[in-house]
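Engineer: got a sequence here, can you build the structure:
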Amino acid sequence: MLIDCSFLSLVAAAAAREIIAGKKWNNLSVVLLILVLLGGNLTFHLEAHFEGAAEISIRVGIAVVVLLISLIGGRIIPSFTRNWLVRENPGGCRYRSRVSTCWPSPSAPSRWCSGSLHPNDTRTGLSVIAGVLHLIRLGRWAGDRTGRERLLLILHVGYAFVPLGFLLNAAAPSAS
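Structural biologist: You can find the predicted model right below:
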């Protein structure tokens, strides 16, 4: 447990050091998510030891990884796409990057992590909203025009699993 948790502690410390040195304060959310992942990892070990299963902490880990993919992917994929579209100019540039997914993205996984059993739970609505907003966000990045550059195309395909996951979570039965 100590070795396992020390890894994420070192990752958070290294990321924080780089953010502070570069004065890129808007990237502190990445450190916060790594610290939440660390907390989930620590909870996993304790939950598995004392209860024999670790369902809640596993959900926390999955939710944090999805949020990290959403946060980091939401910055690099549109940037790489825009640069490629400007350089290659495959039929004019209709690239638009900004669609806010800030509120529903963390809200839906947090409701999912709680494992609510109520059939009319807000998790479903939040997951649908998050999934649709992520689909709109992905569509605005003009990934359909990156077919000639397979490495760039696969970033868009990979990111498509974020909205798909939110929508499948909304369609899943409410039992935890």
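Engineer: what's the neighbour count on residue 49?
Structural biologist: For residue 49, the count of nearby residues is 10 (other Cβ atoms under 10 Å). Bear in mind the C-beta positions are built from the backbone N, C-alpha and C, glycine included.
Engineer: next: residue 58.
Structural biologist: Residue 58: 16 surrounding residues under other Cβ under 10 Å.
Engineer: separation between the most centrally placed residue in the chain and residue 13?
Structural biologist: The centre of the chain sits closest to residue 67, judged by Cα atoms, centre = their mean, with a distance of 2.4 Å. Residue 67 is 20 Å from residue 13, where distance means Cβ to Cβ, to the nearest Å.
Engineer: next helix or strand past the helix or strand of the chain with the lowest mean pLDDT?
Structural biologist: Scoring the helices and strands of the chain by mean pLDDT, DSSP states H and E places helix 104-114 at the bottom, with a mean of 61. Sequence-wise, the next helix or strand downstream of helix 104-114 (DSSP states H and E) is helix 122-139.
Engineer: name the helices or strands packed onto that next one?
Structural biologist: On a contact count with 3 or more Cβ pairs under 8 Å, 6 or more residues apart in numbering; DSSP states H and E, helix 122-139 meets helix 104-114, helix 150-159, helix 161-171.
Engineer: that older thread, for the host helix or strand of the residue nearest to the centre of the chain, name the packing helices and strands.
Structural biologist: For residue 67, the host element (DSSP H and E) is helix 55-88. Counting contacts by 3+ Cβ pairs under 8 Å, 6+ apart, helix 55-88 packs against helix 28-51, helix 104-114, helix 150-159, helix 161-171.
Engineer: ok, residue 158 - contacts?
Structural biologist: For residue 158, the contact set (Cβ atoms under 8 Å, 6 or more residues apart in numbering) comprises residue 73.
Engineer: do the same with the one 4 residues further on
Structural biologist: The neighbourhood of residue 162, defined by Cβ under 8 Å, 6+ apart, consists of 66, 69-70, 73, 134, 138.
Engineer: which among the residues you listed count as buried?
Structural biologist: Buried members of the contacts of residue 162, scored by 16 or more other Cβ atoms under 10 Å, are 66, 70, 73, 134, 138.
Engineer: widest-spaced pair of the residues you listed?
Structural biologist: Taking Cβ to Cβ, the two most distant members of the buried ones among the contacts of residue 162 are 66 and 138; they sit 14.1 Å apart.
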